[in-house]
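1. Sequence first, predicted model second:
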Amino acid sequence: MVDYLFKRFNLKFVINFAAESHVDRSILGSEIFYRTNVIGTTVLLEAARRYQAEKFVQISTDEVYGSLGPTGLFTEQTPLSPNSPYSSSKASADITALSFHHTFGLPVVVTRCSNNYGPLQFPEKLIPLMIINSIKGKKLPVYGDGLNVRDWIYVIDHNKAVELVFEKGNIGEVYNIGASREMKNIEIIKLILKKLGKSEELIEYVKDRPGHDRRYAIDSSKIKNELGWKPSFNFENAIGDTIDWYLQNRNWWERIISGEYQKYYYAQYSERFNQN
Ligand code: DAU
C-alpha cells in the first residue's frame, strides 16, 4: 500500500505523525507498539528511500530521554533512556530514521516534543480524560501522588514548529519542541475542576502507572535560535479554550467513549479504583 501511494502520487515529502501513542496502552500490550512505531516507520523510511523523498520529518517525543530529577532540562544531547514500551518503540523509530540519514543519505529531520493538549485529543490522555470525567461527575483517577511533572504545549504551537522544521530544519538534525510550561498533574486536575465549577471530591488517588516517569522538561533553545520558532499560546487561555471545546463538542467524545473505548477504560481503570 505504501509503495503504491508513493508511486501513484509521486510523493516526495513525509511527515510521520503516525504512532501508537499512549503509555498505559503499551503497558497493557506492547507488541502493537513495536509493530506500528518501529516496523511502520521502517516501511515508510524504505519507501522514502526507494522513491528519493526530498524530506522526511520523524515526529518523535521527549519521552525518549527518560525521566528527569527535580532540576535540569532535556537537550538534544541528553542520552536516550526510554522507560516504557511506548517510549522505547518511539526511541527505536527515532534512531532508525537518523540511521537512514547516516547510512543512505535520506534527508531526515527528527522532532522531540513535550506533552500536547488542545481540541480533538483522544479521551485516553490526561487532560481530555479529566475534562470529560469532570463534566460527567465521574471520579478522576490520579496516578500515585499526583506530583509527576509534564511540560505542556498547545497543539497549534507544536504544529507550527513541525511546519517550520519541515520547511527549514537542517537535514540530519534533531529539534526539541516545548513551551516551558511545567505543571504537576494534580495542579492541572484542580485547575480543570475549578474552571468547570466541580468539587475536588471527585479526585481519587489510584494505583500508580508502572515505571511512571517523574518529570519531563524541555530545552527548546535550538529551534528558537536556529529556526526562529517560539510558542504563542498562553497556557491559561489555551486550557480554557480546550475545556470550552470539550463542552461544545459533546457529540464527538460521547461517540468515542460509548464504543470500543469502554473496554479500554475498564481494562485500564477497574482494578486501579478497586485497589486504593
Ligand atoms: O511527553 C510527550 C508524551 O506525552 C507523548 O509522547 C505521548 O504520546 C503522550 O501520551 C504523553 O505521554 P504521558 O504519559 O506524559 O501522557 P498522559 O496523558 O498519559 O499522562 C500525563 C500524566 O498524567 C502522567 O504523569 C500520567 C498521569 N495520568 C494520566 C492518566 C491518563 C494520571 O494521573 N491519570 C490518568 O488517568
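-> Arrived safely. Numbers count the residues shown, from 1 in each chain.

2. Going along the chain, name the strands of this structure.
-> 13-16, 55-61, 108-113, 115-117, 140-143, 149-154, 174-177, 182-184, 203-206 (DSSP state E).

3. Run me through the strand neighbours of the third one, direction for each.
-> The pairing partners recorded for strand 108-113 under DSSP bridges are strand 55-61 (parallel), strand 174-177 (parallel).

4. Using CSV, list the CA coordinates for the shortest one.
-> Extracted as CSV, the C-alpha positions of strand 174-177 are listed here (Å, rounded to 0.1, in the frame of the first residue of the first chain):
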residue,chain,number,x,y,z
VAL,A,174,17.1,16.8,16.0
TYR,A,175,14.9,19.6,17.3
ASN,A,176,13.3,19.6,20.8
ILE,A,177,10.0,21.4,21.0
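
5. Now do the residue lying closest to residue 17 once chain neighbours are set aside, the pLDDT please.
-> Ranked by CB to CB, 6 or more residues apart in numbering and with sequence neighbours excluded, the top spatial neighbour of residue 17 is residue 59, at 4.8 Å. No exception for glycine: its C-beta is placed from N, CA and C like everyone else's. For residue 59, the pLDDT comes out at 98.

6. Now do the contacts for residue 59.
-> Going by CB atoms under 8 Å, 6 or more residues apart in numbering, residue 59 touches 15-17, 19, 111, 113, 162.

7. Recalculate using a threshold of 7 Å.
-> Each residue near residue 59 by CB atoms under 7 Å, 6 or more residues apart in numbering is listed here: 15-17, 111, 162.

8. Kindly confirm whether my reading is correct that residue 60 touches residue 112.
-> Yes - assessed by CB atoms under 7 Å, residue 60 is found in contact with residue 112 at 4.7 Å.

9. ranges for the helices of the stretch 101-250 of the chain?
-> If DSSP state H, counting those that start in this stretch is used as the criterion, the helices of the stretch 101-250 of the chain fall at 126-136, 155-168, 185-196, 221-227, 235-248, 250-257.

10. Compare those and give me the one nearest the ligand.
-> Nearest to the ligand, of all those, is helix 126-136, at 3.4 Å by CB to the nearest ligand atom.

11. Residues of this structure that sit close to the ligand?
-> Proximity of the chain to the ligand, by CB under 6 Å from any ligand atom, involves residues 21-23, 61-63, 114-115, 125-126, 129, 141-143, 148, 150, 185, 209, 216.

12. tell me, how many neighbours does residue 186 end up with?
-> Counted with other CB atoms under 10 Å, the neighbours of residue 186 add up to 17.

13. Please determine how far the nearest residue to it once chain neighbours are set aside is located from residue 81.
-> Distances taken as CB to CB, 6+ apart place residue 146 nearest to residue 186, at 3.4 Å, with adjacent residues excluded. Going from residue 146 to residue 81 by CB to CB, to the nearest Å gives 24 Å.

14. neighbour count winner among those two?
-> Counted by other CB under 10 Å, residue 146 and residue 81 do not tie: residue 146 has more neighbours, with 18 against 14.
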